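Enquirer: Sequence first, then the predicted structure:
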Amino acid sequence: MLKLGVDHGPLRIIFTTDEETGMTGAARLNPKYICDAQNIINCDSENLDVICTGSAGSCHTHFTRHIQWENTIHDYAVCIKTHEFIGGHSGETISHGKSNAIQALAETLLAIRKKGIDYRLAAIDGGDAANAIPANSSAVVVCNKKDIDAINSTITSVKEAFYRIYKGIEDKAKWDVEEVAVPVHTFSLKDTEMLINLLCILHCGTFVMNQSLPRLPELSSNIGTIKTTDDIVTFEYFPRAGADDRLSNLLQKLPLFAELTGFSYEQGKQEPAWTVNAVSRLAPLYEKAFEKVTGRKVRKEAVHGGLETGHFYHLNSSADIISIGPNTHDIHSADESVELDSIATMIRVLAETLANIR
């Protein structure tokens, strides 16, 4: 930028840290560096041809239940697995009509219970991350051997209905039932029932779409992980929203679900949303500069994931904000890479934009 000798007005450059894991750099930024800014150009998006104009807020929540272990009263045990679901990022792909392997397993267990089959859980685990739709889950189910045919028949019925619902989306999803050693202890009947109830009650997927941008989710949530340890079973529920008030409205209800099912509830810090600005002056300036430099048109998109711009918007909601970036691949992984030529192009477009801000 300095070598280009860009003619620009007052300019403040801010470098943040820890964006990939906690956004603590943006979250702890002194407000004085943002509160007087009229325009903010964030350079951390992932596609050169896209201007990002909004992002979602989110909040990590945990539901936990202390297990009342009881001596096993049944003579047989199986491990039921739901696996090879599509999975994916719970922000970018939450509106793609996918299933959730953890919730699909819970719904399977609920169907078995509704058939009058007596069983207890001994373990349930699944998912890899709070912000990912789980592709795999498993549960150790302790039952009577005489009921195994009825269990298999029920699972077959669940699968048939599932494939009708998710036809063309989750066609590769699988259920496996394998005999395992009968454990010495199991969850109590109440622990088993309340866990399954809660996993089935909590909505996974999109609640509502944005009314101005019909392809953008406005509110969603996802059960990302579940884990059984020595004394507890706990799972993560991760809601996102395009507006802070909408997210707050959902969060105030979640403790009620915990109370009704005998779970404890823990809520993390609410990360702020960056609400779409329908009358941005900055976005058209960047669009014009992009076309002048590249000869191509740029797309405008809002995302249902979290960006540092949410924190900037929270500090100064009157600022005109856009987010841009070079072409990157395999982000947040060991294979992350960036196209160096796209950085040079972005700099030229940015310089042209700054020269036209008045």
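Expert: Arrived safely, thanks for sending. Being a predicted model, the structure only gives us computed values, none of them experimental.
Enquirer: Just the helices from the stretch 251-358 of the chain, written as ranges.
Expert: Remark: helices assigned in the stretch 251-358 of the chain by DSSP state H, counting those that start in this stretch are 254-261, 282-294, 309-315, 340-356.
Enquirer: Just name the most buried of these.
Expert: helix 309-315 (a mean of 22; mean count of other C-beta atoms under 10 Å). Where C-beta positions appear, they are placed from N, C-alpha and C, glycine not excepted.
Enquirer: what's that one in contact with?
Expert: With contacts defined as C-beta atoms under 8 Å, 6 or more residues apart in numbering, helix 309-315 is touched by 23, 26-27, 29, 31, 34-35, 40, 42, 52, 55-57, 244, 271-275, 319, 321, 323.
Enquirer: I'd like to know which of the residues you listed are buried.
Expert: For the contacts of helix 309-315, a burial check counting by 16 or more other C-beta atoms under 10 Å picks out 23, 26-27, 29, 34, 40, 42, 52, 55-57, 244, 271-275, 319, 321, 323.
Enquirer: Can you give the domain ranges for this protein?
Expert: Here the domain assignment for the chain is 24-55+274-356, 58-267, based on automatic domain parsing.
Enquirer: Am I right that Ile226 is in contact with Val233?
Expert: Yes. The criterion here is C-beta atoms under 8 Å, and Ile226 meets it with Val233 at 7.1 Å.
Enquirer: Between those two, which has more neighbouring residues?
Expert: Each of Ile226 and Val233 has its neighbours counted (other C-beta atoms under 10 Å); Ile226 has more, 25 against 21.
Enquirer: Any chance you could list residues touching both of Ile226 and Val233?
Expert: By C-beta under 8 Å, 6+ apart, the residues touching both Ile226 and Val233 are Ile124.
Enquirer: and Thr353, what does it touch?
Expert: Shown in contact with Thr353 (C-beta under 8 Å, 6+ apart): Ile41, Leu282, Leu285, Tyr286, Ala289.
Enquirer: for Thr192, that is, sorry about that
Expert: Tyr119, Arg120, Leu121, Thr186.
Enquirer: got it, and Phe235?
Expert: Counted by C-beta under 8 Å, 6+ apart, Phe235 has contacts His62, Phe63, Ile102, Leu199, Ile223, Gly224, Thr225, Ile226, Lys227.
Enquirer: sorry, back to before: of the contacts of Thr353, closest to Glu178?
Expert: Nearest to Glu178 among these is Ile41, at 54.3 Å by C-beta to C-beta.
Enquirer: who does that closest one bridge with?
Expert: In this entry, Ile41 is beta-bridged to Ile322, by DSSP bridges.
Enquirer: and the gap between Met23 and Gly57?
Expert: 12 Å (C-beta to C-beta, to the nearest Å).
Enquirer: any shared contact partners between those two?
Expert: Contact criterion C-beta under 8 Å, 6+ apart; residues shared by Met23 and Gly57: Glu271, Gly306.
Enquirer: can you count the residues close to the nearest residue to Glu336 once chain neighbours are set aside?
Expert: Nearest non-adjacent residue to Glu336, counting by C-beta to C-beta, 6 or more residues apart in numbering: Asp330, 5.2 Å away. With neighbours defined by other C-beta under 10 Å, the count for Asp330 comes to 9.
Enquirer: pretty sure Asp330 contacts Ser337?
Expert: Yes. Under the criterion of C-beta under 8 Å, Asp330 makes contact with Ser337 at 6.5 Å.
Enquirer: Show me which parts of stretch 227-243 are buried, residue by residue.
Expert: Within stretch 227-243, the residues that qualify as buried are Thr228, Val233, Thr234, Phe235, Glu236, Tyr237, Phe238, Pro239, Arg240, Ala241, Gly242, Ala243, counting by 16+ other C-beta under 10 Å.
Enquirer: so the helix or strand hosting the fifth one versus helix 254-261, what angle?
Expert: Going back to what we said before, that points to Glu236. If you go by DSSP states H and E, Glu236 is part of strand 232-237. Put simply, strand 232-237 runs at 150 degrees to helix 254-261, going by axes from the mean of the first three to the mean of the last three C-alpha atoms, to 10 degrees.
Enquirer: chain center to strand 232-237, what's the gap?
Expert: Centre-to-centre, strand 232-237 and its host chain are 16 Å apart (C-alpha atoms, centre = their mean, to the nearest Å).
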